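1. have a look at this prediction, sequence included:
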Amino acid sequence: MKRLGILLSGRGSNFEAIARNVAAGNIEAEIAVVISNRPEARGLETARQLGLNAVCLPSRGLDREVYDRQVVAELKKHCVDLVCLAGFMRLLSAYFVREFPNRILNIHPALLPSFPGLDAQHQALEHGVKISGCTVHFVDEYLDAGPIVLQAAVPVLDDDTVESLSARILEQEHRIYSQAVQLILSGKYRIEGRRVIRTR
Ligand code: GRF
């Protein structure tokens, strides 16, 4: 059985969607550990309630690589095969990325390469795009930058607010993140340059 490590900083709804799909057998893996850099993260509490290993490693005041060494050690202790960033509000160091080559996924609430970084839904509204969505991608040491695994599009409506657009995108996040996790775990893909290509 493959082992997932989830990193989060807040609400944890993407983590919950993954946990539901693990329970339903749609993701053939178990959640080995959930790690938060923020003690108050709701997702950490959810993990505890689900009876999962829930670990808080506070990042405040720590140098990036010093912190990442702690996280990597915790992930390795739990023999994690695939790391899922689920609202983890930190850039990873080159060290972290090297320790899990092509083994780290992230979900971003925009159609990358549009609107990387914070407040992607606000950025999309401000720019006036008519379509936005979400992206699951491999993680490198740059911001929202690695090869794209899956994307889903949603319309941007004239009367949208950040809240209404975020909710529409979030529904798709919950769907495609689990699909992407299962695809990567299945090994039925190859990476050519920036392209993630499905194989049989
Ligand atoms: C999501 O919008 C995700 O795309 C972004 O951070 C948010 C996390 O939400 N990376 P949640 O903690 O999974 O509910």
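-> Everything's here; your move.

2. any buried residues in the longest helix along the chain, and which?
-> Ranked by residue count under DSSP state H, the longest helix found in the chain is helix 162-186. For helix 162-186, the neighbour count (16 or more other Cβ atoms under 10 Å) marks 165-166, 168-170, 172-174, 176-185 as buried. C-beta coordinates here come from the backbone N, C-alpha and C atoms, glycine included.

3. elements contacting it?
-> With contacts defined as 3 or more Cβ pairs under 8 Å, 6 or more residues apart in numbering; DSSP states H and E, the packing partners of helix 162-186 are helix 13-23, strand 82-85, strand 104-108, helix 120-127, strand 131-138, strand 148-155.

4. close to the ligand, is the longest one?
-> Translated: helix 13-23. Yes - judged by Cβ under 6 Å from any ligand atom, helix 13-23 comes into contact with the ligand at Ser13, Asn14.

5. any idea how far that helix is from the middle of the chain?
-> 12 Å (Cα atoms, centre = their mean, to the nearest Å).

6. report the buried residues of it.
-> Judged by neighbour count (16+ other Cβ under 10 Å), helix 13-23 contains these buried residues: Ser13, Asn14, Phe15, Glu16, Ala17, Ile18, Ala19, Asn21, Val22.
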